[in-house]
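Chemist: let's see this in three dimensions:
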Amino acid sequence: MDIVTAIEQFAWIAWLVLILLFLVIEMLTLDFTFLMLSVGGLAGLGADLLGAPLWLQIVVAAVVAVAMVLLLRPPLLRRLRRGEDTTPSNIEALIGLRGQVLSTVTSHSGQVKLSNGDIWTARSLPGSDIEPGTTVLVNRIDGATAHVRPQEELTS
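Modeler: Below you'll find the predicted structure:
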């Protein structure tokens, strides 16, 4: 028996192994990519069971997998992520938050109390000192330091 004939005769085993491998990877990633590839492998297995030559099985599997990834995966991901909470959290939730200056904020030091009650080390833009009692907005967070600007500077 020649090797090409042996491969074609037992291709169904390779298709099953490939499908199972893709399904296991999909269970670990949960991204629908390997699920689509396993469906392509299922199409290749179907082509094998219908007696198609090996090259046609591979073409069928590839075409089905690519079509599934391009056409079915995006709507499935949108539907899956439809109910996600889009509320900013952690550092992103602090950007734009108001605060009161507790000790003069310079480009090197200062403290602010944010509207959420947290007290942060703060910095201002170089050359602009912000006096205690001034209302500020958080511009960005760098480590444990809030970079702030006076609120009236942003509204004018």
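Chemist: spatially central residue in the chain, please.
Modeler: A centroid search over the chain (Cα atoms, centre = their mean) returns D31, at 10.3 Å, as the residue closest to the centre.
Chemist: list the buried residues in stretch 52-63.
Modeler: Using 16 or more other Cβ atoms under 10 Å as the test for burial, stretch 52-63 gives 52, 57, 60-61. Bear in mind the C-beta positions are built from the backbone N, C-alpha and C, glycine included.
Chemist: columns distance to L125, pLDDT and secondary structure on top of the residues you listed, output as TSV?
Modeler: As requested, these are exported to TSV (distance: Cβ to Cβ, whole Å; pLDDT from 0 to 100; DSSP: H, G, I helix; E, B strand; the rest coil):
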residue	distance to L125	pLDDT	secondary structure
A52	69	93	coil
Q57	65	95	helix
V60	62	97	helix
A61	59	97	helix
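Chemist: scan this protein for its longest helix.
Modeler: Longest helix of the chain, by residue count under DSSP state H: helix 11-29.
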